[in-house]
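>>> Kindly generate the corresponding structure for this input.
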Amino acid sequence: MGEPAHRLLFRAMCDEYGVQIQCRFGQVPEGEMGEVMEFLSAWSKEKQVLRAQQGARDGLRDRVKLRHLPANTRAGYGYRWDGSRFVPDDHYAVAEGIWQMLKEGKTDRGIAGVLTRAGVPTPCGAKVWNPRTIASIAMNPMYCGKKMGLRWEGVEPKTRRGQTYGKSATRLRQPQEMVLLGDIVEQPIVSPEEFEQIQARRAQNKAYGGRRIRPYLLSGFLSCGLCGRRYSGTGLVGWRFPYGYRCGGSTGPVGKPRCRGRLLPGPWLEEAVWLRILAFLEDPSVFLTEAEAQEVRSQQTAGTIREAIAGLERQMAQYASYRQRAYDGLVRGMTDEETYHRVVAGYKAHEEWLNEELERQRKDLEKAQREALTAETVRCLCSALRERLERASNEDKRFVLECLDTCVVAAPAGLTLELVVPEYAHGMVGTMPGFPAGGLGVSPGNSNFPFSLGKGEGDQGDEGWGWERGTRCAALRRRMLTKPKGGRHGA
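Below is the predicted model:
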């Protein structure tokens, strides 16, 4: 029962069924005060565990930065740690062969195939080599004599597969964030110059290699309203349109359920979305009323947070007076020292919670002020992006879609288009060619504006498009194109 909630639940169940709790070190106080003391005790233990974990991480970081020693004794393939240096082991000859093939220009998959056919076991003892293992060896500067510390950093995972918590994922740090350790690698396999040449060739192969794919305009902006998966562009043969967008959940192993999202024709879908974005950029007056309403809501949210901060500050001052009163009682002999320390510990624990809550409220206030939107923001953004429409290449269109944080959701009833004025749009516009230096010329706090797309009631768009105003955005509806007569591939 390490969690405070579990301990309180245990106490509540004991009180409900008439079970008396017998403690080894004194009796637990009854009532609300007992629950508070129990919660503070469990909470302080959790804080001690977190402080111990942070201390261990700080110790490893100091070992790397101050003593220039590795944080752990994990060595690259072909080396082992002998207590002071990394020395060659029994797999050193295999590692030399891998780097020889890398210098000859062989691919990771080709090297993995050679090692698998030769029967060489992998670093973990398996029979089949994975190309990713070769890539990790090829990117490790240890093989040129440069052992780097703090290469990896724990981060929060993008998606959690189970009931996990904490930083369970890792990220490779940038070279400037790493720490070069001392001369602790014996017999490097390649020289630093050869290592850099191999890295440059691999980067070039990554940039110019691979399959040539069509740059689909809505890739990354179109999602399925049934399963939530992304739509991806795909080329089509024998259809009335050369390419389309297919839901990622509509394909999968035989026997498993698949998404019933339909294939969307690419040309007319891209044209419809782009026409609506052009309508916004050319005449944003439709959205200025809602922008002003959003500004009022942001101001109300900021006012509520300010009131909460003022209340927390009053509680902080009150608990400071409580501690002073307890100290006065100790000086006058009205209470013993043990009781004084116990009461003050409870006060300090609550003050620490108030400090954390106060910090959280201040961050929320900064976020609310940063997200406050004015009508001037919409005008400036439209004016800046309108310059990008003169060329209107596929790259320019995708830039506009990214600036507006475009989101298109495909559902059986139709398509929903949502545009947002994001926080990062100011920096993006200011750094792209064709836009004035310094961004939009407005405060960088104006951001995150979801608005509705829609025409007047009864107004139907071109070619049967109907726009219905919704709470946040408008639904873009049109009858899906049917298959050509005569089957899938046409007559």
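>>> Please make it C-alpha for all contacts and neighbour counts, starting now.
Will do.
>>> Could you check how far Gly225 is from Ser219?
Distance, Gly225 to Ser219, by CA to CA, to the nearest Å: 16 Å.
>>> Please apply the same query to Leu404.
For Leu404 relative to Ser219 (CA to CA), the value is 15 Å.
>>> So between these two, which is more surrounded?
Leu404 (23 against 14; other CA atoms under 10 Å).
>>> quick one: that one and Gly113, what's the gap?
46 Å.
>>> Pull the residues that contact whichever helix or strand Ala207 is part of.
Taking DSSP states H and E as the definition, Ala207 sits inside helix 192-208. Residues outside helix 192-208 that contact it (CA atoms under 8 Å, 6 or more residues apart in numbering): Leu102, Lys103, Ala138, Met139, Pro141, Cys144, Gly145.
>>> Narrow the residues you listed to just the buried residues.
Leu102, Ala138, Pro141, Cys144, Gly145 (16 or more other CA atoms under 10 Å).
>>> got JSON lines for those residues, with secondary structure too?
Shown next, in JSON lines, are those (DSSP: H, G, I helix; E, B strand; the rest coil):
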{"residue": "Leu102", "secondary structure": "helix"}
{"residue": "Ala138", "secondary structure": "helix"}
{"residue": "Pro141", "secondary structure": "helix"}
{"residue": "Cys144", "secondary structure": "helix"}
{"residue": "Gly145", "secondary structure": "coil"}
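>>> Using JSON lines, lay out those residues together with pLDDT and distance to Leu50.
Below are these laid out as JSON lines (pLDDT from 0 to 100; distance: CA to CA, whole Å):
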{"residue": "Leu102", "pLDDT": "93", "distance to Leu50": "44"}
{"residue": "Ala138", "pLDDT": "92", "distance to Leu50": "37"}
{"residue": "Pro141", "pLDDT": "88", "distance to Leu50": "33"}
{"residue": "Cys144", "pLDDT": "90", "distance to Leu50": "38"}
{"residue": "Gly145", "pLDDT": "87", "distance to Leu50": "36"}
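>>> now, among those, which is nearest to Cys247?
Nearest to Cys247 out of the buried ones among the contacts of helix 192-208 is Ala138 (CA to CA; 35.8 Å).
>>> Enumerate every residue touching the closest one.
Trp99, Leu102, Gln199.
>>> Next, format these as JSON lines and append distance to Gly59.
JSON lines is the format used below for the contacts of Ala138 (distance: CA to CA, whole Å):
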{"residue": "Trp99", "distance to Gly59": "35"}
{"residue": "Leu102", "distance to Gly59": "37"}
{"residue": "Gln199", "distance to Gly59": "33"}
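>>> How about Lys103: what's its closest non-neighbour residue?
Setting aside the residues directly before and after it, Lys103 is nearest to Ile198 in space (CA to CA, 6 or more residues apart in numbering), at 6.7 Å.
>>> Okay, strands next: where are they in the stretch 201-350 of the chain?
Counting by DSSP state E, counting those that start in this stretch, the stretch 201-350 of the chain has these strands, from start to end: 222-224, 231-235, 243-247, 264-265.
>>> Listing request: residues of the stretch 201-350 of the chain with sub-threshold pLDDT.
208-214, 252-255, 282-295 (pLDDT under 70).
>>> Out of the contacts of helix 192-208, the closest to Ser232 would be?
Looking across these and measuring by CA to CA, the closest to Ser232 is Met139, at 30.9 Å.
>>> Quickly note the distance from that closest one to Arg132.
The value you get for Met139 to Arg132, if CA to CA is used, is 10 Å.
>>> What of Glu271?
In terms of CA to CA, Glu271 sits 40 Å off from Arg132.
>>> With Thr251 instead?
Where Arg132 is concerned, Thr251 sits at a distance of 26 Å (CA to CA).
>>> likewise Lys397?
From Lys397 to Arg132 the distance is 35 Å (CA to CA).
>>> Wasn't Arg171 part of a strand?
Yes: with three-state DSSP as the criterion, Arg171 is assigned to a strand.
>>> Tell me which residues touch it, please.
Trp152, Glu153, Gly154, Val155.
>>> Out of those, name the ones that lie in strands.
Trp152, Glu153, Gly154, Val155 (DSSP state E).
>>> and the second one, how many residues sit next to it?
Look at Glu153: counted by other CA under 10 Å, it has 11 neighbours.
>>> isn't there a strand covering Leu415?
Yes: counting by three-state DSSP, one finds Leu415 located in a strand.
>>> That one is in contact with Ala272, isn't it?
No: the criterion here is CA atoms under 8 Å, and Leu415 misses it with Ala272 at 10.4 Å.
>>> more crowded one of those two?
It is Leu415, of Leu415 and Ala272, that has more neighbours when counted by other CA under 10 Å, with 20 against 15.
>>> which residues does the more buried one bridge with?
Ala410, Leu476 (DSSP bridges).
>>> show me the contacts for Gln174.
Per CA under 8 Å, 6+ apart, neighbours of Gln174: Arg151.
>>> Show the model's pLDDT score for it.
Looking at Gln174, its pLDDT is 80.
>>> and Arg229, what does it touch?
Ser223, Cys247, Gly248, Gly249.
>>> nearest to Leu278, of those?
So of the contacts of Arg229, ranked by how close each gets to Leu278 (CA to CA), first place is Ser223, at 21.3 Å.
>>> Distance check, that closest one against Phe280.
Going from Ser223 to Phe280 by CA to CA gives 22 Å.
>>> More neighbours: which of those two?
Neighbours per residue, other CA under 10 Å: of Ser223 and Phe280, the larger number sits with Ser223, 24 against 17.
>>> partner residues bridging that one?
Beta-bridge partners, per DSSP bridges, of Ser223: Arg230, Val409.
>>> Hmm, Val408 and it touching each other?
Yes: if you go by CA under 8 Å, Ser223 and Val408 touch, sitting 6.3 Å apart.
>>> Contact partners for the closest residue in space to Glu96 that isn't next to it in sequence?
Nearest non-adjacent residue to Glu96, counting by CA to CA, 6+ apart: Ile189, 6.2 Å away. Residues counted as contacts of Ile189 (CA under 8 Å, 6+ apart) are Glu96, Trp99, Tyr143, Cys144.
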